[in-house]
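K.L.:
Structure for the following, please:
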Amino acid sequence: MTGIEKRNYFFLFFLTLVSLLPYFFLSLYAHPAGDDFVYAYNGKHFGLIENASRDYFHWGGRYVSNFLFVLNPMAFDSLKGYRLIAVILVLLTFISFYFLIRSIAPVAVPGTYLILSGGILSCLFLHQMPSLAQGIYWYTGAVIYQGANVLTLLYLSCLTFLLNKKYLISKFIHVLICLALIFIITGCNETIMIFLLFFHAFLSAKKRDRLSFLLFTFSILCSLLVFFSPGNAVREAVFPDRHHFFHSLLFSMAQSCRFFKEWIINIPLLIASILYIPVSIRFSKTSGLFKNNFYISPFLSTCFLFFVIFLSAFPAYWSTGILGQHRTVNSAYFFFLILWFMNLTVWVNFLANKKITAIVSNLAEKYFVSLFILMMLFSLITGNGYVTINDLFSGRAKDFDREIKERYEKLQTAQQHSARTCLLDSLQNKPASLFVLDISADENDWMNRGMAAYYGIRAVRLK
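P.N.:
Predicted coordinates for the structure are as follows:
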């Protein structure tokens, strides 16, 4: 790492933990919404296999997500469990970053540095993910997207160890674990499925060995299970503006440029990039992977930054005609972060003989602690950090929690008295950092019907 004294890393990790704390506290105010009630009702009244098979044949081909949907903690009447999922996802995000860094970093790098690096990447991701509410605090969206992101990093870590001939138990068992992870990840959502397909296609073309071909072939077979699901046709039929190629292409390219611009002008990311330069230089002296630019050219590494955004946008435009919710773009940013620092290594090595590289590296070494403090400060006062802290300290999250709990009491009272219709007040407090999808005055709206079914009431609507 840098020449900074080791004892300072504990202080820096403390700052990183402080930057992450608001995201943990916010989970105390998370509540189910929209699809959560529908799937929780299904989980309560129908079997796991029955639910999953019905969705696969009549709604979507996500053969793993179809199981996860109905395992919503609300199906077991556990609001605490629902909130715990958000905490677990934040922790798993950190763990997945840590394992990926551990798999590619030189062996001599101390574990404390790897933990700190995992914390930094977690802060950067949470700070700027396009939809924090859907990505962490809404079960139905979070488990199938952020859960898949986490599993993908764990898979890439396992694959890296496999390629370096470091096996868990044995090579055969290690390969089986990799194949199992591919199967699970592909069945979570189409965005990650496409990411994996292109990654394995690139790896197979680059290495041209039996292992890469096996992984690529298995990835294709798993993808076919999703692609040819009978439920996909049913779901796509809901969107009349689907399958317009040039519309999808142009808008996906526009979104790629839009998000690329937004992400690279982010102050915490820029500061982290400066701090990373001396780290990359040191790694390149001891690691063949870093020294050889991850075996990609500067041009290709830059193209990947745009390509990962394009891959998250195009399927949405193609299948629905709109980008819709930003859950898919959350995945793009998750992998964009990793590719961004890989890209920095490639370009730092390419410009190794330039004076500017040495100047920036020396400045980062000299003012490492100051820059780190500045990075964490900006992660708290800008982006999702600011939104989260504002919702917490303004009392908006607490007031939202109070309103929702008052609703629960009214719904339970209506259930106990077998009321035909439960009239509810509209929500006055809607925290920007939490997922809020309110019902309407139309009792036939799908969200109203989902909530009514969950509470065993004939109808629910706003006053």
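
K.L.:
So which bits of the stretch of helix or strand residue 310 belongs to are buried?
P.N.:
Following DSSP states H and E, one finds residue 310 within helix 298-320. Within helix 298-320, the residues that count as buried by 16 or more other C-beta atoms under 10 Å are 301, 304-320. From N, CA and C alone the C-beta is placed, and that goes for glycine too.

K.L.:
Output the helix or strand harbouring residue 125 as CSV, nothing but the C-alphas.
P.N.:
In the assignment (DSSP H and E), residue 125 maps to helix 111-128. Extracted in CSV, the C-alpha atoms of helix 111-128 (Å, rounded to 0.1, in the frame of the first residue of the first chain):
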residue,chain,number,x,y,z
GLY,A,111,-5.5,-8.1,5.7
THR,A,112,-6.2,-4.7,7.4
TYR,A,113,-5.5,-2.9,4.1
LEU,A,114,-7.9,-5.3,2.2
ILE,A,115,-10.6,-4.7,4.8
LEU,A,116,-10.2,-0.9,4.4
SER,A,117,-10.3,-1.2,0.6
GLY,A,118,-13.5,-3.2,0.9
GLY,A,119,-15.0,-0.5,3.1
ILE,A,120,-14.0,2.3,0.7
LEU,A,121,-15.6,0.5,-2.3
SER,A,122,-18.8,-0.1,-0.2
CYS,A,123,-19.0,3.6,0.7
LEU,A,124,-18.4,4.6,-2.9
PHE,A,125,-21.1,2.3,-4.1
LEU,A,126,-23.8,3.2,-1.6
HIS,A,127,-23.0,6.9,-2.0
GLN,A,128,-23.7,7.0,-5.7
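
K.L.:
What is it packed up against?
P.N.:
In terms of contacts (3 or more C-beta pairs under 8 Å, 6 or more residues apart in numbering; DSSP states H and E), helix 111-128 is packed against helix 7-26, helix 79-104, helix 267-286, helix 327-350, helix 368-381, helix 383-393.

K.L.:
for residue 376, what are its contacts?
P.N.:
The contact partners of residue 376, taken as C-beta atoms under 8 Å, 6 or more residues apart in numbering, are 15, 16, 18, 19, 123, 268.

K.L.:
Most widely separated two among those residues?
P.N.:
Using C-beta to C-beta, the contacts of residue 376 span at most 13.9 Å, a distance reached by 18 and 268.

K.L.:
quick one: which of those two has more around it?
P.N.:
residue 268 (23 against 13; other C-beta atoms under 10 Å).

K.L.:
Go ahead and confirm the more buried one touches residue 127.
P.N.:
Yes. Counting by C-beta atoms under 8 Å, residue 268 touches residue 127, with 5.8 Å between them.

K.L.:
Quick check: neighbours shared by those two?
P.N.:
Overlap of the contact sets of residue 268 and residue 127 (by C-beta under 8 Å, 6+ apart) consists of 379, 382, 383.

K.L.:
Skipping its backbone neighbours, what lies nearest the last one in space?
P.N.:
What that stands for is residue 383. Closest residue in space to residue 383, ignoring its immediate chain neighbours: residue 127 at 4.6 Å, by C-beta to C-beta, 6 or more residues apart in numbering.

K.L.:
center of this protein - which residue?
P.N.:
Among the residues of the chain, residue 146 comes closest to the average C-alpha position under C-alpha atoms, centre = their mean, at 3.3 Å.

K.L.:
And that residue, how far from residue 186?
P.N.:
Per C-beta to C-beta, to the nearest Å, residue 146 is found 16 Å from residue 186.

K.L.:
go on, residue 251?
P.N.:
Noted for residue 251: a distance of 26 Å to residue 186, by C-beta to C-beta.

K.L.:
and those two? which has more neighbours close in?
P.N.:
A direct count of neighbours by other C-beta under 10 Å for residue 251 and residue 186 places residue 186 higher, at 29 against 18.

K.L.:
what sits against that one?
P.N.:
Residues near residue 186 by C-beta under 8 Å, 6+ apart: 64, 192, 193, 196, 219, 222, 223, 225, 226.

K.L.:
Can you give me the neighbour number for the residue nearest to it when sequence neighbours are not counted?
P.N.:
Leaving aside its sequence neighbours, residue 186 sits nearest to residue 222 (C-beta to C-beta, 6+ apart; 3.9 Å). If you count neighbours by other C-beta under 10 Å, residue 222 ends up with 22.

K.L.:
Next up, the contacts around residue 222.
P.N.:
With contacts defined as C-beta under 8 Å, 6+ apart, residue 222 is in contact with 182, 183, 186, 187, 193.

K.L.:
In helices, which of those appear?
P.N.:
Those of the contacts of residue 222 mapping onto helices are 182, 183, 186, 193, per DSSP state H.
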